[in-house]
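Kindly generate the corresponding structure for this input.
(one chain, ligands or ions: 2)
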Amino acid sequence: MRCLVRSSFKIRQLFGSRDCSSYVSRMRYLMRLKEDDEACLRALQSGSVLLYHKLAPLLMRTERGMYQLPALQATDVKGILGKLGKDEQLLNSSVLIGCSDDNVPQFSLDVGSLEQAAVEELCGGVFIDLRKAFFLLKGPEAPLVSKGQALLRWHQTHGFCSTTGQPTQRNQAGSQRVCLANGATYYPQMAPVVIVLVSDGRRCLLARQSGFPRGMYSALAGFCDIGETVEETLRREVAEEVGLEVESLLYSGSQHWPFPQSSFMVACHATVSPDNGEINLDGAELEDAQWFGLDEIEEALQRKTPLRNPKGESSVFWVPPSYAIANKLIQEWANQQKKS
Ligand SMILES: NC(=O)C1=CN([C@@H]2O[C@H](COP(=O)(O)OP(=O)(O)OC[C@H]3O[C@@H](n4cnc5c(N)ncnc54)[C@H](OP(=O)(O)O)[C@@H]3O)[C@@H](O)[C@H]2O)C=CC1
Ligand SMILES: [Mg+2]
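Numbers count the residues shown, from 1 in each chain. Ligands and ions are numbered 1, 2, ... in the order given. A predicted model of the protein is given here:
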């Protein structure tokens, strides 16, 4: 199997033309906050905070009917806690998730112990399930809110050491947890997944699991087995799920995917020989898999909201929305086909 790497790949293209020195200083600053609990606690006092209620992020509706993340400062959160008669110390359970371009440290905090409606009223926002919130947010807000939720979820589910069974204790930034009984350190984790758009040069292959929304087809995806390379996972998953042998692959990009739990999606294109393109479906994993031509794909990409029948289900073929990396793969394939 050949592994193709783009020869004109430039790091600069990935990150745009941002001032490199300010990027470096932001990253060094974040690094220090992860290592120094007191510095992190001080940073929190002047930081911005994303609020979640039982892992559902707080969103605000703008005058134009769009949604955005409310710009809450630590002092606003203290004010809310004060008004609800709660201890300000709850703010200190915030976790560090980043630093804005204008150098404001960003935190996320779950206020699931407070009454949801009361917090919503005080903030003028609404807590929305992340799957829906992901659709509603635009630009860098969607990955930020997903990162904030992923880190909070990890802390909520990793409170105990898997060796001693004793409680673990987090550092102030929330970048690790330590077992005080044996000193074991635990770091937040993502499960690596390969997502691949298979092409035979003329058509691309999309599949659906029975749990997908009706009519939606996506690229093939699968979790990496322990010890596997991306190339090995890709080749195995395509063989397992649709019975095809991959000949070459090309890396496209990656994405953190919060559903159902944190996955690290590595997206690739792959080709199979048009002479060996007969699909042999693994019915346990997939409900259906089909080859699609450029016309059908272009139509599906343009279909912003799939048509729905009276039961509210889509009756046409559609593909994942633009925030999913599957959409990017499909878009790239269509652009490539148009050029050739
Ligand atoms: N961002 C995007 O564009 C897209 C993202 N995805 C995501 O990719 C991920 C993987 O795709 P999928 O086809 O389901 O994967 P797989 O084809 O690997 O099949 C999933 C099954 O693998 C088993 N499994 C093995 N390792 C893990 C693990 N670490 N976590 C969970 N299950 C594991 C589970 O089996 P069992 O339940 O029997 O234990 C699970 O049902 C999903 O989380 C999906 O949401 C998928 C398509 C598009
Ligand atoms: Mg799969």
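
who's in contact with stretch 153-161?
Residues outside stretch 153-161 that contact it (C-beta atoms under 8 Å, 6 or more residues apart in numbering): 55, 95, 110, 166-168, 170, 174, 177, 179, 181-182, 184, 186, 188-189, 261-262. (Each C-beta comes from the backbone N, C-alpha and C, glycine too.)

try 6 Å
Applying C-beta atoms under 6 Å, 6 or more residues apart in numbering, the contact partners of stretch 153-161 are 55, 167-168, 177, 179, 184, 186, 188.

Show me how to select, in ChimeraX, the buried members of these.
With 16 or more other C-beta atoms under 10 Å as the criterion, this ChimeraX line picks the buried residues out of the contacts of stretch 153-161:
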select :55,168,177,179,186,188
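
Can I get the contacts of stretch 153-161 in TSV including distance to residue 322, secondary structure and pLDDT?
Converted to TSV, the contacts of stretch 153-161 look like this (distance: C-beta to C-beta, whole Å; DSSP: H, G, I helix; E, B strand; the rest coil; pLDDT from 0 to 100):
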residue	distance to residue 322	secondary structure	pLDDT
55	24	coil	98
167	42	strand	97
168	38	strand	98
177	35	strand	98
179	42	strand	98
184	41	coil	98
186	34	strand	98
188	27	coil	97
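
show me which of the contacts of stretch 153-161 neighbour ligand 2.
The overlap between the contacts of stretch 153-161 and the neighbours of ligand 2 (C-beta under 5 Å from the ion) is empty.

where do the helices sit along the stretch 151-300 of the chain?
Here the stretch 151-300 of the chain has its helices, by DSSP state H, counting those that start in this stretch, at 230-242, 294-302.

So is the longest one next to ligand 2?
No - counting by C-beta under 5 Å from the ion, no contacts exist between helix 230-242 and ligand 2, the nearest distance being 5.6 Å.

then that helix to PDB, C-alphas only?
Extracted in PDB, the C-alpha atoms of helix 230-242 (Å, rounded to 0.1, in the frame of the first residue of the first chain):
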ATOM      1  CA  VAL A 230      -3.400   4.800  10.900                       C
ATOM      2  CA  GLU A 231      -2.600   2.900   7.700                       C
ATOM      3  CA  GLU A 232      -3.300  -0.400   9.300                       C
ATOM      4  CA  THR A 233      -6.600   0.700  10.900                       C
ATOM      5  CA  LEU A 234      -7.700   2.200   7.600                       C
ATOM      6  CA  ARG A 235      -6.900  -0.900   5.600                       C
ATOM      7  CA  ARG A 236      -8.500  -3.200   8.200                       C
ATOM      8  CA  GLU A 237     -11.700  -1.200   8.700                       C
ATOM      9  CA  VAL A 238     -12.300  -1.000   4.900                       C
ATOM     10  CA  ALA A 239     -11.700  -4.700   4.600                       C
ATOM     11  CA  GLU A 240     -14.000  -5.500   7.600                       C
ATOM     12  CA  GLU A 241     -16.800  -3.200   6.800                       C
ATOM     13  CA  VAL A 242     -17.200  -3.400   3.000                       C
END
